[in-house]
Each structure stands twice: as structure tokens, then as C-alpha cells.
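*Asks:* Take a look and give me a structure for this.
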Amino acid sequence: MLERCRANSRQAGLGRERIVVQHGDITDFEFGTQFDVVIAPYRVLQNLDEVDAQPDGLFGYIRARLIKSGRCILNVFNPNRPRDVLLKT
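*Replies:* From the prediction side, this is the model:
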């Protein structure tokens, strides 16, 4: 998946100085710089094990890595159904 992202970035003419693609723990990462955009695709929040601690860690790191006017793009799933119905599916 990461290699596909890198290949698509190269094909779009976006070099390594514009896009950082890295595998790691989304609740504890360090790039040594700040970004104008952070993208977390593929329902990344649903893959966190700890309900409270890990999302707080993720959002804390994202906040610290964004420039003041930066943006975060998340792909999330929030079904509009009662909890008991969701647990049955």
C-alpha cells in the first residue's frame, strides 16, 4: 500500500520533498518537522485498540505536527444506528 502511494505520488509529479509516506505507530510518531496537511485514510480510528487513550494520542500528535493553519483529513465510519443493532451485525 505504501509503495503504491509513493508510485502514485511520483506519477503525479510530487517529489519526496512534498510528500512523506511512512509506516509506523499512528499514536506515537516523529518526523522532525511540521506539515500543512496530515491525511489518515482507511478508517484509521477503527483500528485503534484502546478506545480513549489512542485517539487522544493520535490527535495530540497530529496537532503537534501541523502548522498553525494546517489541516487534518480523516476517513471515519460513524454509523447512524443504535448500539444494540450494530452489535448484532
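
*Asks:* residue ranges for the strands of this protein, please.
*Replies:* Using DSSP state E, the strands found in the chain span residues 35-40, 66-74.

*Asks:* Now the shortest one: buried residues?
*Replies:* Spelled out, that is strand 35-40. Residues 35, 38 are the ones in strand 35-40 that count as buried (16 or more other CB atoms under 10 Å). Glycine gets a C-beta too; all of them are placed from N, C-alpha and C.

*Asks:* Pull the distance from that strand to the chain's centre.
*Replies:* Remark: strand 35-40 is offset 8 Å from the chain centroid, using CA atoms, centre = their mean, to the nearest Å.

*Asks:* CA atoms of it as CSV?
*Replies:* Extracted in CSV, the C-alpha atoms of strand 35-40 (Å, rounded to 0.1, in the frame of the first residue of the first chain):
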residue,chain,number,x,y,z
PHE,A,35,3.1,19.8,7.9
ASP,A,36,0.4,21.8,6.3
VAL,A,37,-1.7,18.6,5.8
VAL,A,38,-1.9,15.3,7.6
ILE,A,39,-4.0,12.5,5.9
ALA,A,40,-5.2,9.4,7.8
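
*Asks:* Now do that strand against strand 66-74, angle only.
*Replies:* Relative orientation of strand 35-40 and strand 66-74, computed by axes from the mean of the first three to the mean of the last three CA atoms, to 10 degrees: 20 degrees.
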